[in-house]
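Trainee: sharing a model prediction with you, sequence too.
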Amino acid sequence: MSRGAAMEPDGETAGGPGLVMRIAVVVLVAASGAVEAISFTALDHVFAGVMTSNLALLGMAIGRARGADVTAALLALAGFGAGAAVVAWVTHGRPGTSTCWSRRVAFCLAGEAVLLAVGAAFWAASGGAPGSTARDVMQCGAALAMGGQAAAMVAAGRAAAPTTYLTGTLATYIVRGLGGASGRPDRWVPLRLVALIAGAAAAMALRWAAPAWAGALPFALVTAATLTASRPLAVRQPPTDDPPVA
């Protein structure tokens, strides 16, 4: 690195892979917001990626003896768990670096984009108003996608951050900023919080203006994030998944 290279506050080169990864994370958060908005308002009134809330919703459904709501919560929990398990298996032993995701993480995100594309196609075919059975299938699929995304961010390590649940992120930001804890607040946290709101707002606006196209928004955002995150992989040496050439 040249002495004159501009540095980010955390020591990374401005515009380098670290910055690219942070942008990709923000876009993934926006995708999560869009998925959650559609999941909760148009599918089975459960969340695709927030399992704490779904466990509470499951308890409420059991207490009220509402079988349909119990089924919806269980489908979301099962889908999320399955998605996380598959990605954990695929990425096992292939961690990213502190500034770049591994190829397997990018591959899993590409798989998520494909899954969301299938969901968007079904959504469009229903005119943005899927029937009961289709809602159950799409709810499980949305949770599968969010589980995979959450696990991919865990596998990416220090180059990533939570994108499907931000409660802990917000608490850590507040504690570091106001509580005098060691470390300093991550200046990207406010952007991730705003991205979540923006993704949800955009999904709702699309549902109102062009219902059949609302399902395409999460696919477009995850695709954009995956392509953004894949840029450093094209120039990184040696590749994470392949041994260096002698």
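Mentor: Here it is on my side, so go on. All values reported here derive from a predicted model rather than from experimental measurement.

Trainee: report the buried residues of the lowest-mean-pLDDT helix or strand in the chain.
Mentor: Lowest mean confidence among the helices and strands of the chain (mean pLDDT, DSSP states H and E): helix 167-178, at a mean of 87. Buried residues in helix 167-178, counting neighbours by 16 or more other Cβ atoms under 10 Å, are found at 169, 172-173, 176. No exception for glycine: its C-beta is placed from N, CA and C like everyone else's.

Trainee: got it, and stretch 123-140?
Mentor: Those would be 123-124, 126, 128, 130, 135-140, for stretch 123-140 by 16+ other Cβ under 10 Å.

Trainee: following element in sequence after the helix or strand hosting residue 25, please.
Mentor: Assessed by DSSP states H and E, residue 25 sits inside helix 17-38. Once the chain leaves helix 17-38, the next helix or strand it forms, by DSSP H and E, is helix 51-63.

Trainee: which regions of this protein sit below the pLDDT cut-off?
Mentor: Confidence mapping of the chain against pLDDT under 70 gives the ranges 1-17, 93-98, 179-185, 232-246.

Trainee: mind listing the helices for it?
Mentor: For the chain, the helices defined by DSSP state H cover 17-38, 51-63, 67-91, 103-125, 132-156, 167-178, 189-209, 216-230.

Trainee: what comes into contact with the third one?
Mentor: Helix 67-91 is contacted from outside by 39, 43-49, 51, 54-55, 57-58, 60-62, 102, 104-105, 107-108, 136, 139-152, 154-155, using Cβ atoms under 8 Å, 6 or more residues apart in numbering.

Trainee: hmm, try it at 7 Å
Mentor: For helix 67-91, contacts defined as Cβ atoms under 7 Å, 6 or more residues apart in numbering pick out 44-49, 51, 54, 57-58, 61-62, 102, 104-105, 108, 136, 139-141, 143-148, 150-152, 155.

Trainee: follow-up on the earlier one: using CSV, list the CA coordinates for the helix holding residue 25.
Mentor: What follows is helix 17-38 as a C-alpha-only set of coordinates in CSV (Å, rounded to 0.1, in the frame of the first residue of the first chain):
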residue,chain,number,x,y,z
PRO,A,17,-12.6,-4.5,-0.8
GLY,A,18,-13.6,-3.5,2.8
LEU,A,19,-15.7,-0.6,1.6
VAL,A,20,-17.3,-2.7,-1.2
MET,A,21,-18.3,-5.4,1.4
ARG,A,22,-19.9,-2.7,3.6
ILE,A,23,-21.9,-1.4,0.7
ALA,A,24,-23.0,-5.0,-0.2
VAL,A,25,-24.1,-5.5,3.5
VAL,A,26,-26.2,-2.4,3.4
VAL,A,27,-27.9,-3.5,0.2
LEU,A,28,-28.6,-7.0,1.7
VAL,A,29,-30.2,-5.2,4.7
ALA,A,30,-32.5,-3.4,2.3
ALA,A,31,-33.4,-6.7,0.7
SER,A,32,-34.3,-8.1,4.1
GLY,A,33,-36.5,-5.1,4.8
ALA,A,34,-38.4,-5.7,1.5
VAL,A,35,-38.8,-9.5,2.3
GLU,A,36,-40.1,-8.8,5.8
ALA,A,37,-42.6,-6.3,4.6
ILE,A,38,-44.0,-8.6,2.0
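
Trainee: buried residues, that helix. List them.
Mentor: 17-38.

Trainee: again, but for stretch 48-67
Mentor: Of all the residues in stretch 48-67, those buried under the rule 16+ other Cβ under 10 Å are 48-51, 53-54, 57-58, 61.

Trainee: which residues touch the residue lying closest to residue 224 once chain neighbours are set aside?
Mentor: Once flanking residues are discounted, residue 224 sits nearest to residue 27: 5.5 Å by Cβ to Cβ, 6 or more residues apart in numbering. With contact set as Cβ under 7 Å, 6+ apart, residue 27 has these partners: 221, 224-225, 228.

Trainee: all set now, cheers.
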